[in-house]
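Q: Dropping a prediction and its sequence here:
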Amino acid sequence: MTDNIKLVCGGESIEQIIPTQPGWQAVHLGSEWGHVFAPVVCWALVREDQGSNIQGVIVDSKGQLGFAKNYTGFLGYNSPGSSIMWEELAKARREAEKSENP
């Protein structure tokens, strides 16, 4: 008999890893302009103090796994075949950040 394995990442407890269908992407602000996509490698069922939620896991530029929402400029998730206008959302986010930090 084996024990359940529990992973903890930054105070968040990963209860289950869920495979993703090909094509899911995390979307972040680009360093200078626009937006960038990172493939979601899996979903994680995460338990936090306020309850459970599903978070996308990506591989960062250093080859490390991490929750997409924890990286600077996270905008959301792009599903396969999505028609979300990410460029417009990225522009609105940049304008909001400029007005907060003139």
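A: The structure has been received and is ready for your questions. Predicted model only: the values in this text are computed from it and were never measured.

Q: where's the residue most central in space within the chain relative to Pro80, distance?
A: Central residue of the chain (C-alpha atoms, centre = their mean): Ala68, 2.2 Å from the mean position. As judged by C-beta to C-beta, to the nearest Å, Ala68 and Pro80 stand 16 Å apart. Just so you know, the C-beta spots here come from the backbone N, C-alpha and C atoms, and that holds for glycine as well.

Q: likewise Asp60?
A: Going from Asp60 to Pro80 by C-beta to C-beta gives 22 Å.

Q: So for the two, which sits in the more crowded spot?
A: Between Asp60 and Pro80, counted using other C-beta atoms under 10 Å, Asp60 has the larger neighbour count: 12 against 9.

Q: Report whether the expected contact of the more buried one with Ala68 is present.
A: No: between Asp60 and Ala68 there is no contact under C-beta atoms under 8 Å: 9.5 Å.

Q: intersection of neighbour lists for these two?
A: Common contacts of Asp60 and Ala68, defined by C-beta atoms under 8 Å, 6 or more residues apart in numbering, comprise Ala38.
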